[in-house]
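Q: Need a 3D model of the sequence below.
(4 chains)
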Protein chains: 2
Amino acid sequence: MGGVTALAHHLTIGQVAERSGVPHTTLRFYEDRGLISAERTAGNQRRYPRATLRRIAFIRSAQRVGLSLDDIAEALSTLPAHSAPTKADWTKLSKRWRTELDTRIDALQRLRDSLTTCIGCGCLSLRACGLFNQQDQLAEYGPGAPKLKAASEGGI
Amino acid sequence: MGGVTALAHHLTIGQVAERSGVPHTTLRFYEDRGLISAERTAGNQRRYPRATLRRIAFIRSAQRVGLSLDDIAEALSTLPAHSAPTKADWTKLSKRWRTELDTRIDALQRLRDSLTTCIGCGCLSLRACGLFNQQDQLAEYGPGAPKLKAASEGGI
DNA sequence: GTCGAACTTCGACTTAACTGGAGGTCATGG
DNA sequence: CCATGACCTCCAGTTAAGTCGAAGTTCGAC
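A: Below is the predicted model:
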């Protein structure tokens, strides 16, 4: 119960869980997957630097828009694990993701617009619309569960 | 092997699989989940109306942008299962999804822009940026695996 | 120095979305 | 009429992302 104090800039897992809204079980899971990391006390307990909160916010944001933890882990690997990222760090990350995010935004807009445009243009079959055409080109990039083997040119 | 003929506007599962690019196993799976349906021959084999191809294209598009099969199933339940959807059908579907899709597009753009904007404005902590703020509001809307229960406004 | 909350590991379970195999049935060109 | 390939059902396995519980350890306020 009492006041958990802990060295000002080192947060316990419970504190991080509370502040980030991410369950502590999930934080350990993220650690397993290499998304975050922590120092340990003499007694083997985790202590997180504040920068971790930022990392977690980023992870959740990226997840919300449909990116996998593997993709996110790869991107995050370019950021320093324990200190606050520098401008250069962000720029690097930004470059890698820009295209990927643009593609996804495009797909979403396409879907949304198809719902209207296809009606407007009378091509109810969708056949001439972006919806269909994208389908073919992005082909196996499709849905998201198992294997996802090849995955193409790696870069996210 | 030979020419699989079948009544012109009724496709076999193999034909649908080939034309849609979706494995036949997955087509049966989709049927279980109520996403598509088929008539049966006297011998109990599936025969799909052509409109099914459109449904499948829609399903895959929606999945690609991160919607769950449950969400998609719900939306599709407003469309006629066997005939081509009418303009009114599409309009109904469109209305239901518009907001949802807009929200997702927004989140994506926010993430993308955060990668640049946060650098530009110097708030490397992201704390003042959309990334963080959205987090709270969309809260439980978040990641996608099990339960998804209360989740609360945790606040990152 | 002790007591309870918070922490530790580890392994089993869950959900979503498939994927694959076994074992049997249907359809059709020769 | 029969071989072969496409189809059928059922069920078990996989991957991703968690989630839960047991059993034991550490922390820190009293």
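Q: Is the closest residue to DNA strand D within chain A in a helix, a strand, or coil?
A: Closest residue of chain A to DNA strand D, Cβ to the nearest atom of the strand: A:Gly43 (2.2 Å). No exception for glycine: its C-beta is placed from N, CA and C like everyone else's. Assigned state for A:Gly43: coil (three-state reduction, DSSP: H, G, I helix; E, B strand; the rest coil).
Q: Neighbours of it, how many?
A: By other Cβ atoms under 10 Å in any protein chain shown, the residues close to A:Gly43 number 5.
Q: And it, how close does it get to B:Arg55?
A: To B:Arg55, A:Gly43 is 58 Å away according to Cβ to Cβ, to the nearest Å.
Q: do A:Thr41 as well
A: Note on A:Thr41: its distance to B:Arg55, by Cβ to Cβ, is 56 Å.
Q: Neighbour count for these two, which is higher?
A: B:Arg55 (24 against 13).
Q: Assess the claim that that one and B:Ile36 are in contact.
A: Yes. In terms of Cβ atoms under 8 Å, B:Arg55 counts as a neighbour of B:Ile36; the distance is 5.6 Å.
Q: any residues in contact with both of these two?
A: Common neighbours of B:Arg55 and B:Ile36, counting by Cβ atoms under 8 Å, 6 or more residues apart in numbering or on different chains, are absent.
Q: Could you tell me which residues make contact with the closest residue to A:Gln109 other than its chain neighbours?
A: Counting by Cβ to Cβ, 6 or more residues apart in numbering or on different chains, A:Gln109 lies nearest to B:Ile105, which is 6.1 Å off, once chain neighbours are set aside. Residues in contact with B:Ile105, defined by Cβ under 8 Å, 6+ apart, are A:Ile105, A:Leu108, A:Gln109, A:Arg112.
Q: Give me the subset of the residues you listed that lies in helices.
A: Applying DSSP state H to the contacts of B:Ile105, the entries found in helices are A:Ile105, A:Leu108, A:Gln109, A:Arg112.
Q: Adding pLDDT as columns, could you present those in a markdown table?
A: Shown next, in a markdown table, are the ones in helices among the contacts of B:Ile105 (pLDDT from 0 to 100):
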| residue | pLDDT |
| --- | --- |
| A:Ile105 | 87 |
| A:Leu108 | 85 |
| A:Gln109 | 86 |
| A:Arg112 | 82 |
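Q: now the residues you listed: which count as buried?
A: A:Ile105, A:Leu108, A:Gln109, A:Arg112 (16 or more other Cβ atoms under 10 Å in any protein chain shown).
Q: Helices of chain A, residue ranges please.
A: Using DSSP H, the helices of chain A run over residues A:13-20, A:24-32, A:51-64, A:69-76, A:87-120, A:130-138.
Q: tell me the most buried of those?
A: Burial of the helices of chain A is given as mean neighbour count (mean count of other Cβ atoms under 10 Å in any protein chain shown); helix A:51-64 ranks first at a mean of 23.
Q: How about it and DNA strand C, any contact?
A: No. Between helix A:51-64 and DNA strand C, judged by Cβ under 7 Å from any atom of the strand, nothing touches; the nearest distance is 12.6 Å.
Q: ok, back up a step: closest one of the ones in helices among the contacts of B:Ile105 to DNA strand C?
A: Nearest member of those to DNA strand C, counting by Cβ to the nearest atom of the strand, is A:Leu108, at 16.2 Å.
Q: by contact count, what packs against the longest strand seen in chain A?
A: In chain A, assigned by DSSP state E, the strand with the most residues is strand A:46-49. Under the contact definition 3 or more Cβ pairs under 8 Å, 6 or more residues apart in numbering or on different chains; DSSP states H and E, strand A:46-49 sits against strand A:10-11, helix A:13-20, strand A:39-40.
Q: okay, these in a markdown table with distance to DNA strand C next?
A: Listed next are the helices and strands packed on strand A:46-49 as a markdown table, based on distance: least, Cβ to the nearest atom of the strand, whole Å:
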| stretch | distance to DNA strand C |
| --- | --- |
| strand A:10-11 | 8 |
| helix A:13-20 | 2 |
| strand A:39-40 | 7 |
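Q: Let me have the ones you listed in CSV, extended by distance to DNA strand D and mean pLDDT.
A: Compiled in CSV, those are given as follows (distance: least, Cβ to the nearest atom of the strand, whole Å; pLDDT from 0 to 100):
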stretch, distance to DNA strand D, mean pLDDT
strand A:10-11, 10, 91
helix A:13-20, 10, 96
strand A:39-40, 9, 94
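Q: closest one to B:Pro23 among the ones you listed?
A: Across these, the minimum distance to B:Pro23, taken as Cβ to Cβ, is reached by helix A:13-20, at 38.7 Å.
Q: That closest one versus helix A:24-32: what angle between them?
A: Orientation note: helix A:13-20 sits at an angle of 100 degrees relative to helix A:24-32 (axes from the mean of the first three to the mean of the last three Cα atoms, to 10 degrees).
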